[in-house]
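Novice: What shape does this take:
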Amino acid sequence: MHQLFSQVLGQRDLSRAGDLFSLEDSEIEDCLSQALDHIKTISCSLDYLTNDNDQAVVEICITRITTAIRETGSIERHGAALVGLWESCLEHNLTPQGESNEDTPHAKIASDITSCILQNYSRPPVMALAVPVAVRFLQRGNRELSRNMSSYLSLAAIAKAELLAEHTEAITLSVLGGNHMLLRVLPSVYPKQPDAIHHHLGNLTAMMSQLESPEQQHLIRLLQMVAEQHPLMLSPQVPSLVGYLSDPSLTEALLGALVDVSQASPSSLVNFLPALRIVGQQCPALLGHVAKIHGAVGIINETHACSSLVYLVSLLGSMDHSFHHTLLLEIRALTDRYPSILGGCGKDIYRMSNSFTAIARLLGRRLEESTATSAGQEARSRAGGGGSEQRLQVMIQAFEEKMGEERGEEEEAEEESPAPQRRYSLGQAARDERREMRFNRSKSLALHAVRSRSINSDNGEDGEGVELNPDSVLSHTSANQHTVHQEAPQTERKPTGGGSLPVTPALDRGVKASNEEKDEGREKEAGKEAGRGEADKLYVHLRDNMEKIQEFCRDMMQLIPIPEHCAIEDSSRGCVAKLSFSCPLKGHYCLYAKSCFNLTSRQPHLWIHIMLLHLQSKSSVPLCSRDDCVQRLGSLWEQTQLKGAHSFSMAMTQHTTPHRKDLDSLQIHLEEVRFFDLFGYSEEEEGWLCFMCNNPEKATVVNQEGQPLIEGKLKEKQVRWKFIKRWKTRYFTLAGNQLLFRKGKSKDELDDIPIELSKVQSVKVVAKKRRERGLPRAFEIFTDSKTYVLKAQDEKHAEEWLQCINVAVAQARERENREATTYL
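Specialist: Numbers count the residues shown, from 1 in each chain. Sure thing, here's the model as predicted:
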């Protein structure tokens, strides 16, 4: 061992410990393992926990050793001694102690070594030594260490997954205990230790709703692997998986897993077919998965086959052509298994699958032949099975009438604009032919299926499984085609980001003007109401639901503020709404007299819907599409739409009011951006006022020069290297335009450079996924040059600090705006 190391460690000479950093790394490289062994002896001594001198010597020596290992790249040479010291920490208490939750001396040693090992995670020899020890740290009650170990194990799973396989059970238990970060490890170890995970599949699946989106994706990947390799193990979890289909971010992946499960255990999905059909209606792009599940369930017996076949036939008229081949494959599988269902024409259907016109003709001929040869059988079956066919004919007749109406509307539109008639005549003919082909294909298959069922029932075969209601043959076809042809498709995306449209003042003026006009001409309006109602669906919808909208807005206004301005802009993740809120009272100390609170929302459609309902609640008569205020909102809506999307009127009439979960998501977003720190609903003013206008008694305190708004101890996170973070307690004071903090825990210690509130860009709570890893009281202050991470004593104190800082920042900005206005 180097002489200086011998003196510092042998004599616990703290005065010479700093001299270790004056040595060259090459001078001490050979003795690092000996020094680590000596440190292990010191840290295991009985008086180490109470000996501050020994703790300081050990901390300095470990820092020097890990630095030398990093610089010389000698981790493999000294890995055994390093891991040995690391493992010795497990024999001692690692749980944070006291009210301040300070790390224990051995937890600090473990943190320093963890950092060194993390920086060299890709070295297999070191990994083989470190992984078993890292797994043991997961259950030792120190969240910060557990998080660092999870990072290491996640990296190890990428580089050398087989090393983690024997520890699958311990890792799974840690995940179930709340260490969700380790979910990313499970897909890597599953192929090598599937049984250890199979035992906990139920509990893992039940965690889905508790996870953040990235963690959900890791769990979804695990479930997909189970579905591909051992689908029977997932059959008990089918009810839970179907329940999660309502989450749009999970639907596609879970449906894919359910397709695999249906191939191995179709009976487990029988009771969930209605729910899957609803999912298919809501997400037409996923109807292929739904069709495959129906095809798998239909193989169970002829009853299920008949029911599945009717549903699959009904989809032929409503699904995109890209799905037809999938549908025909499923129909072929069912008719091959039970040939009597379609009178033995299943093979012909499959043979003609590349020509949908030929399929329609073939089925039409088969249907005519069947009608001619089985007239007597049909007559006998009218009493029993005729009801189903009669209902089907009624629906077909209604669909034909609807198609006729749409053709008439298209012809009228073409007559009104004769110039482009010749130019688009061929295209119109092609569209008519395709529409007729889809309809005839659905109609022929459906009629043949029902008639075959009636014949089979007369022959004594069981036909009870065919259900034509709510999945009846043309119900989805008519609904979907009506939606497609109701509005002419847009040719291109509307331009976005064309400037902010004023929402509250301008639109309210539009409402008042509209009310005056309608009040003056109420008698004239009454005479035209019937004619306008036919042409303006939005007017009819608002007229029929005025009471419901008024009641909804009375409650909603106290939960969700209405923005003053709204602009639609493009972003990398789609269209977003840029919203601005101000205080209508604009008192002497108002936080937003000259400025606005701005936020960006990825739910522009929801905000536009809420603004429309707010405007209607202020109007005594129904709004219509011609009103200026409605046209402004329609303009915003069009900027968010893609080619072929719903029109503004159609979208606004689909639901009278937003769903509760959508409103909850808006509230959560407002909480995340700390809106409620700065605004509150005033029942007296019946609106949202800023903190100062809502609390005038506090305004003098906030604006008194030199008077602290809040002060006390906070912990500041200090980063050492990339992976190790330490908390240091400091005394903070929020006064005037500055956040002051001392170097130590006392008021009397010398000040550091203060944070100028006017330069603060934002103040945010630590992201939820990090908060669950042990930072429930932490928040971040972002300036133009630095980010500060602070932690309060508890959540209550954190909320107090957050509100005070946000109010002070808004006050500083407002003061700057006033000064700039005065100067100008």
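Novice: Tell me which helix or strand C575 sits in.
Specialist: Assigned by DSSP states H and E, C575 belongs to strand 574-581.
Novice: Identify each buried residue in that strand, please.
Specialist: Neighbour counts over strand 574-581 (16 or more other CB atoms under 10 Å) mark 575-581 as buried. In short, each C-beta sits where N, CA and C put it, glycine included.
Novice: neighbouring contacts of whatever helix or strand comes next after it?
Specialist: Reading on from strand 574-581 to the C-terminus, the next helix or strand found by DSSP H and E is strand 597-601. For strand 597-601, the external contacting residues (CB atoms under 8 Å, 6 or more residues apart in numbering) are 576-582, 607, 666, 669-670, 673, 675, 678-679, 810.
Novice: for those, which one is nearest C116?
Specialist: Nearest to C116 out of the contacts of strand 597-601 is V673 (CB to CB; 38.9 Å).
Novice: Distance check, the closest one against E564.
Specialist: Here V673 is placed at a distance of 16 Å from E564 (CB to CB, to the nearest Å).
Novice: Also E144?
Specialist: Taken as CB to CB, the span from E144 to E564 is 44 Å.
Novice: cool, V809 as well?
Specialist: Distance from V809 to E564, by CB to CB: 20 Å.
Novice: who has more neighbours, these two?
Specialist: V809 (26 against 20; other CB atoms under 10 Å).
Novice: Quick one: residues contacting the more buried one.
Specialist: V809 neighbours (CB under 8 Å, 6+ apart): 757, 760, 763.
Novice: Dig out what the last one forms beta bridges with.
Specialist: Yep, that's V763 we're talking about. I781 (DSSP bridges).
Novice: Next one, pLDDT for it please.
Specialist: Per-residue pLDDT puts V763 at 87.
Novice: rewinding a little: tell me which of the contacts of V809 is nearest to P239?
Specialist: Among those, and counting by CB to CB, the member closest to P239 is V763, at 43.2 Å.
Novice: low pLDDT regions in the stretch 601-750 of the chain?
Specialist: Within the stretch 601-750 of the chain, the stretches with pLDDT under 70 are 642-645, 699-706, 719-725, 743-750.
Novice: quick one, strands of it?
Specialist: Using DSSP state E, counting those that start in this stretch, the strands of the stretch 601-750 of the chain run over 679-682, 687-690, 708-720, 724-735, 738-741.
Novice: what's the closest non-adjacent residue to V760?
Specialist: Spatial nearest neighbour of V760, chain neighbours left out: V809 (4.9 Å); criterion: CB to CB, 6 or more residues apart in numbering.
Novice: Compute the inter-axis angle for whichever helix or strand that neighbour is part of and strand 708-720.
Specialist: Per DSSP H and E: V809 is located in helix 795-823. Orientation of helix 795-823 against strand 708-720 (axes from the mean of the first three to the mean of the last three CA atoms, to 10 degrees) gives an angle of 110 degrees.
Novice: Quick check: buried residues in helix 795-823?
Specialist: In helix 795-823, counting by 16+ other CB under 10 Å, buried: 797-799, 801-815.
Novice: what's the answer for stretch 284-304, then?
Specialist: Quick answer for stretch 284-304 (16+ other CB under 10 Å): 284, 286-299, 302-304.
Novice: What are the boundaries of the helices in the stretch 151-300 of the chain?
Specialist: Ranges of helices in the stretch 151-300 of the chain, per DSSP state H, counting those that start in this stretch, are 162-165, 168-176, 186-189, 194-198, 201-206, 213-229, 238-243, 248-264, 273-282, 287-298.
Novice: which of the residues in the first one are buried?
Specialist: For helix 162-165, a neighbour-count test (16+ other CB under 10 Å) marks 163-165 as buried.
Novice: Show me what that helix is packed up against.
Specialist: Other helices and strands packing on helix 162-165, by 3 or more CB pairs under 8 Å, 6 or more residues apart in numbering; DSSP states H and E, are helix 124-137, helix 143-159, helix 186-189.
Novice: Please convert those helices to CSV, extending it with mean neighbour count, distance to P248 and mean pLDDT.
Specialist: Output for these, formatted as CSV (neighbours: other CB atoms under 10 Å; distance: least, CB to CB, whole Å; pLDDT from 0 to 100):
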stretch, mean neighbour count, distance to P248, mean pLDDT
helix 124-137, 19, 36, 86
helix 143-159, 20, 27, 79
helix 186-189, 23, 22, 89
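Novice: List phi and psi for V765.
Specialist: phi -70, psi 150 (degrees, to the nearest 10).
Novice: Could you check how far it is from M611?
Specialist: 28 Å.
Novice: likewise K791?
Specialist: 39 Å.
Novice: do A257 as well
Specialist: 40 Å.
Novice: What are the phi and psi values at the closest residue to R70 other than its chain neighbours?
Specialist: Excluding its sequence neighbours, the residue lying closest to R70 (CB to CB, 6+ apart) is Q119, at 6.3 Å. Dihedral pair for Q119: phi -70, psi -10, per degrees, to the nearest 10.
Novice: residues near Q119, how many?
Specialist: 16.
Novice: what's the answer for G680, then?
Specialist: 15.
Novice: do the one 3 residues further on as well
Specialist: Per other CB under 10 Å, the neighbour tally for E683 reads 7.
Novice: cool, the one 3 residues further on as well?
Specialist: Residue neighbour count, defined by other CB under 10 Å, stands at 11 for E686.
Novice: does the residue nearest to R70 really touch G73, like I thought?
Specialist: No - the pair Q119 / G73 is not scored as a contact, 10.6 Å apart, by CB atoms under 8 Å.
Novice: returning to that earlier point: closest one to G712 among the helices and strands packed on helix 162-165?
Specialist: helix 143-159 (23.2 Å).
Novice: which secondary element of this protein has the worst mean pLDDT?
Specialist: helix 475-486 (a mean of 36; mean pLDDT, DSSP states H and E).
Novice: pretty sure E711 is touching F741, no?
Specialist: No - if you go by CB under 8 Å, E711 and F741 don't touch, sitting 9.9 Å apart.
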